[in-house]
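K.L.:
mind folding the following:
(one chain, ligands or ions: 1)
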Amino acid sequence: METVLSGIRPTGNLHLGNYFGAVKNFVKMQNENNCFFFIADYHSLTTHPHPENLQQNVKQILVEYLAAGIDPEKVTLYAQSDLPETAELYLILNMNAYLGELERCASFKDKVRQNPQNVNAGLLTYPTLMAADILIHRADKVPVGKDQEQHLEMTRLFANRFNRIYEVEFFKEPQAYNYGDNLVKIPGLDGSTKMGKSTGNALFLNDEPEIIRKKVMKAKTDAGPTSMNQEKPQEIANLFTIMQHVSTKDTYQFFNDSYNNCSIRYGDMKKQLAEDIINFCTPIREKINELSANDEYLNKVRAMGAEKAHESASKTIRAVREIIGFKN
Ligand code: TRP
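P.N.:
Sure thing, here's the model as predicted:
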């Protein structure tokens, strides 16, 4: 069985883009693979979160993963900081990570541009920590979007370098992986091609119905099609893409036909879309609310995840220490 691993930074609630782009696939993968899903709370320290916010955000991701259908019995669901073996491997990998290659990393250069007053070593070595996350379980597959591919490439570089330096065949090369090979990208309601937390265009899994209606009714549209089978501008295509995921085939077909014959009324489409998003989100939102109130259960899930993660990681770290010449 192959090992699949994915991490998510605890920076806020999950939105429909997270769900359809990743979490929905995790729910399928958990039946076919040995899955590790973790909350990257060490990584989030690069932006110096307030302890209370950090704790709240970690809980939120845990709750929302569970509410969305991730089964803690089937997978290893854990908080990164509950697995300090990760930090040890990170330290070791850093000894052979070079300043030049870390500085050339696109995500680092972006951060430097965005926040020139906070260029800390954690940001510089973000790829080493991510490599440690992956290599600590010797994962085969990592479901990632385009923006993470360079980090995965660096993980392979560090893994191979370790093998070469110590003349071992210990770490394997993790590969990027998309379930069913198609990367689903949910667009925003503002005409942009990607739904994101930071762009303020997201529909969250725990949004109340009234909020969803407001957000959808405000979505950007154009003046309407003027000729038959006209190509859809981005903002209209976006509404259809979201509809494809949350509505029935018949509903989608109806509005697509009415677009193509120029009879579409965007107000009607948005009303329908909002109700279908609400129908989709409601059971998840209810589960989120229920779980949020059950700290006892959440603590149990977290402890179980930590234990399973530790079982896997301790094997790797023992072997690594042995290879390096440390005593176990
Ligand atoms: N860098 C990832 C992101 O920003 C999160 C992450 C951290 C991760 N460690 C990982 C993803 C290991 C996959 C594997 O989304």
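
K.L.:
against Ile242, how distant is the closest residue to Thr251 other than its chain neighbours?
P.N.:
Using CB to CB, 6 or more residues apart in numbering and skipping the chain neighbours, the partner closest in space to Thr251 is Gln272 (6.1 Å). C-beta: built from backbone N, CA, C; applies to glycine. Going from Gln272 to Ile242 by CB to CB, to the nearest Å gives 11 Å.

K.L.:
same deal with Ala87?
P.N.:
For Ala87, the distance to Ile242 - CB to CB - is 40 Å.

K.L.:
name the SS class of the closest residue to the ligand within the chain, please.
P.N.:
In the chain, the residue that lies nearest the ligand is Gly7 (3.0 Å; CB to the nearest ligand atom). Three-state call for Gly7 (DSSP: H, G, I helix; E, B strand; the rest coil): strand.

K.L.:
the more surrounded of Gln272 and Ile242?
P.N.:
Ile242 (24 against 17; other CB atoms under 10 Å).

K.L.:
I figured that one hits Gly17, correct?
P.N.:
No. Contact criterion CB atoms under 8 Å: Ile242 and Gly17 do not qualify, at 9.7 Å.

K.L.:
which residues are in contact with each of these two?
P.N.:
Both Ile242 and Gly17 are in contact with Ile186, where contact means CB atoms under 8 Å, 6 or more residues apart in numbering.

K.L.:
give me every residue in the chain lying close to the ligand.
P.N.:
By CB under 6 Å from any ligand atom, the residues of the chain that approach the ligand are 5-9, 40, 43, 130, 133-134, 142, 144, 148, 151.

K.L.:
could you list the domains of this structure?
P.N.:
3-184+295-324, 209-289 (automatic domain parsing).

K.L.:
of all those, which lies closest to Lys194?
P.N.:
Evaluated with CB to CB, these place domain 3-184+295-324 nearest to Lys194, the distance being 6.8 Å.

K.L.:
next helix or strand past the host helix or strand of the residue nearest to Thr251?
P.N.:
In the assignment (DSSP states H and E), Gln272 maps to helix 266-292. Using DSSP H and E, the next helix or strand after helix 266-292 towards the C-terminus is helix 295-324.

K.L.:
can you name the helix or strand that Phe36 falls in?
P.N.:
Assigned by DSSP H and E, Phe36 falls within strand 34-39.

K.L.:
output the contacting helices and strands for the following helix or strand past that strand.
P.N.:
For strand 34-39, the following helix or strand on the C-terminal side (DSSP H and E) is helix 51-67. Where contact means 3 or more CB pairs under 8 Å, 6 or more residues apart in numbering; DSSP states H and E, helix 51-67 is packed against strand 34-39, strand 76-79, helix 266-292, helix 295-324.

K.L.:
poorly predicted segments of the stretch 101-250 of the chain, please.
P.N.:
181 (pLDDT under 70).

K.L.:
just the strands in it please.
P.N.:
Ranges of strands in the stretch 101-250 of the chain, per DSSP state E, counting those that start in this stretch, are 141-142, 175-176.

K.L.:
other SSEs contacting the first one?
P.N.:
Read it as strand 141-142. So strand 141-142, by 3+ CB pairs under 8 Å, 6+ apart, packs with strand 3-8, strand 175-176.

K.L.:
picking up where we left off before, now do the contacts for the residue of the chain closest to the ligand.
P.N.:
Contacts of Gly7 (CB under 8 Å, 6+ apart): 37-40, 43, 80, 130, 133.

K.L.:
TSV for the residues you listed, including neighbour count?
P.N.:
Shown next, in TSV, are the contacts of Gly7 (neighbours: other CB atoms under 10 Å):
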residue	neighbour count
Phe37	25
Phe38	27
Ile39	26
Ala40	23
His43	21
Gln80	25
Met130	23
Asp133	27
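
K.L.:
make JSON lines from the residues you listed and add distance to Leu54 to it.
P.N.:
Output for those, formatted as JSON lines (distance: CB to CB, whole Å):
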{"residue": "Phe37", "distance to Leu54": "18"}
{"residue": "Phe38", "distance to Leu54": "15"}
{"residue": "Ile39", "distance to Leu54": "10"}
{"residue": "Ala40", "distance to Leu54": "11"}
{"residue": "His43", "distance to Leu54": "11"}
{"residue": "Gln80", "distance to Leu54": "12"}
{"residue": "Met130", "distance to Leu54": "19"}
{"residue": "Asp133", "distance to Leu54": "18"}
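
K.L.:
ok, back up a step: pipe the helices and strands packed on helix 51-67 into CSV and attach mean pLDDT per row.
P.N.:
Output for those, formatted as CSV (pLDDT from 0 to 100):
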stretch, mean pLDDT
strand 34-39, 98
strand 76-79, 98
helix 266-292, 98
helix 295-324, 98
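
K.L.:
CSV please, covering the ones you listed and showing distance to Gly196.
P.N.:
Output for the helices and strands packed on helix 51-67, formatted as CSV (distance: least, CB to CB, whole Å):
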stretch, distance to Gly196
strand 34-39, 19
strand 76-79, 23
helix 266-292, 17
helix 295-324, 27
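
K.L.:
Tyr166 is nearest to which of the ones you listed?
P.N.:
Per CB to CB, nearest to Tyr166 of those: helix 295-324, 5.0 Å.
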